[in-house]
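K.L.:
coordinates for the following, if possible.
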Amino acid sequence: MPHPLLLDLQNLASQVAEAAGFQVCGLELLTHRIPMTLLVQLRLADGGDVSLDNCASFSGVLGDAIENSGLLEDAYVLEISSPGVSEELHDDRDFRSFRGFPVSIRYRDAKSGGESEREGLLLERDGENVLLNVRGRTVRIPRPDVISVKLVTPKEA
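P.N.:
Predicted coordinates for the structure are as follows:
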């Protein structure tokens, strides 16, 4: 069961982030720590990565907002960070950032009627397909059939 303050803290952090040109990607309240810890993950409003300076400046702004709101009366630690790199690719930004990287695509295979998996180097994702380089050949997998695209460690040939 989520902590009762979580939604209020999420709303406050999102408002403060939006006003400062950021977006909140994640928020956790770790009440099992002493003092409790509020973890906030940020991106720039345009989807870009945040710098260490961005995190430090936002920490002061959000800390002041939390103090003024009275939501957290007990001692707490505020940690601001970037969401980092996920192994699964989701949005256009991920697909642009990881062009040329080895990926594994799980997809619905019309021929077999089940799921299949292909590995190769990510070329791009356009409006209709995800394109892979598999041993020098371009393989097109229709976007509606794609279940997931994950970064992988290349296998030895």
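K.L.:
contacts and neighbour counts: CA atoms only from here.
P.N.:
Noted.
K.L.:
low-scoring stretches of this structure, by residue?
P.N.:
Low-confidence segments of the chain (pLDDT under 70): 1-3, 84-86, 154-157.
K.L.:
at 80 what do you get?
P.N.:
For the chain, residues meeting the criterion pLDDT under 80 lie at 1-4, 47-49, 83-86, 153-157.
K.L.:
buried residues in stretch 107-115?
P.N.:
By neighbour count on 16 or more other CA atoms under 10 Å, the buried set for stretch 107-115 is 107, 108.
K.L.:
what's next to that stretch, contact-wise?
P.N.:
106, 116, 117, 141, 145, 146, 147, 148 (CA atoms under 8 Å, 6 or more residues apart in numbering).
K.L.:
start to end distance for that stretch?
P.N.:
Start-to-end span of stretch 107-115 (CA to CA, to the nearest Å) is 6 Å.
K.L.:
closest to residue 123 out of the contacts of stretch 107-115?
P.N.:
Distance to residue 123 across the contacts of stretch 107-115 (CA to CA) is lowest for residue 141, with 11.6 Å.
K.L.:
show me the beta-bridge partners of that closest one.
P.N.:
Taking DSSP bridges as the rule, residue 141 bridges to residue 130.
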